[in-house]
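J.: attaching a predicted model along with its sequence, questions to come.
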Amino acid sequence: MRSAVAAADDGATHERAAAFEADGLACRRGGRLLIEAADWRLGPGDALLLKGANGSGKSSLLRLLAGFLWPAAGSLRHGGLDVFADLPHWRSLLHLIGYQEGLKPSLTVAENLAIVTALLGGSVARCGAGLDRFGLEALADTPARFLSSGQRRRVALARLVAVPRPIWLLDEPATGLDAKNRSRLEELIDAHRQGGGIAVVASHGDVALRSPHVLDLGD
């Protein structure tokens, strides 16, 4: 399967990412070749939209991009350097938001965000901005076990604000969100790109991206 990528607009800002490139990238999972010979070059302000049915390899590709799976073939570079040559450094540049929000049920919303912010090397002082961005202030003292799926997703997304990083890998990020919070997410992604960041987003079409590159993984 050869995947085509369409062109996107550039953006610029303080949190600029270096060029993020794939050359002949292939992903194999469970003995099955999910992705073969994918190519792209993303610059500051670009977004890559991953399309495809469930099971087509979108989540596996995001995990590969984060360095949790090894490519079956091809290369992945950031700033011209192989990301797999220094995975700790590469992971310090990115956020991976997947299906598992990673919240501790007994801790409050604020405590969960503060812990993950500290673990990611961010400033806990920015947690308030993350809570505010997704309308979580009233839930700050609520234990995570009482949250709905949409509220849990909003807490996970708040780390994007609390810990600025140039590369965002987002797996169906709008899952469980209402229209208001989908709009907040779209505005946040757009602001990130305008600031020179890069976003790779797996979506079934529930997240609107401005002029993205598109990688269609098919059925």
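T.: On my side now, so go ahead. Numbers count the residues shown, from 1 in each chain.
J.: all strands of the chain, in order?
T.: Listed in chain order, the strands of the chain (DSSP state E) span 20-29, 32-42, 47-51, 73-78, 81-82, 94-97, 167-171, 198-202, 213-216.
J.: mean pLDDT, mean neighbour count and distance to Val124 for these - can I get that in a markdown table?
T.: Bear in mind the C-beta positions are built from the backbone N, C-alpha and C, glycine included. Listed next are the strands of the chain as a markdown table, based on pLDDT from 0 to 100; neighbours: other CB atoms under 10 Å; distance: least, CB to CB, whole Å:
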| stretch | mean pLDDT | mean neighbour count | distance to Val124 |
| --- | --- | --- | --- |
| strand 20-29 | 94 | 19 | 29 |
| strand 32-42 | 91 | 18 | 31 |
| strand 47-51 | 96 | 23 | 29 |
| strand 73-78 | 96 | 17 | 27 |
| strand 81-82 | 96 | 12 | 31 |
| strand 94-97 | 97 | 20 | 17 |
| strand 167-171 | 97 | 22 | 21 |
| strand 198-202 | 98 | 26 | 25 |
| strand 213-216 | 94 | 18 | 35 |
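J.: now for these, which one comes closest to Ser148?
T.: Closest to Ser148 of the strands of the chain is strand 94-97 (CB to CB; 17.3 Å).
J.: neighbouring strands of the closest one in the sheet, and parallel or not?
T.: Counting by DSSP bridges, the strands paired with strand 94-97 are strand 167-171 (parallel).
J.: and the most centrally placed residue in the chain, what does it touch?
T.: For the chain, the residue lying nearest the average C-alpha position, counting by CA atoms, centre = their mean, turns out to be Leu169 (2.2 Å). Counting by CB atoms under 8 Å, 6 or more residues apart in numbering, Leu169 makes contact with Leu62, Leu65, Ala66, Leu94, His95, Leu96, Ile97, Val200.
J.: reformat those as a markdown table; add distance to Phe84.
T.: Formatted as a markdown table, these follow (distance: CB to CB, whole Å):
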| residue | distance to Phe84 |
| --- | --- |
| Leu62 | 15 |
| Leu65 | 11 |
| Ala66 | 11 |
| Leu94 | 13 |
| His95 | 19 |
| Leu96 | 15 |
| Ile97 | 21 |
| Val200 | 17 |
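J.: farthest pair within the residues you listed?
T.: Maximum pairwise distance in the contacts of Leu169, criterion CB to CB, is 12.4 Å, between Leu65 and Ile97.
J.: re earlier: tabulate the strands of the chain (a markdown table), appending distance to Gly130.
T.: Shown next, in a markdown table, are the strands of the chain (distance: least, CB to CB, whole Å):
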| stretch | distance to Gly130 |
| --- | --- |
| strand 20-29 | 24 |
| strand 32-42 | 25 |
| strand 47-51 | 21 |
| strand 73-78 | 25 |
| strand 81-82 | 30 |
| strand 94-97 | 12 |
| strand 167-171 | 14 |
| strand 198-202 | 17 |
| strand 213-216 | 27 |
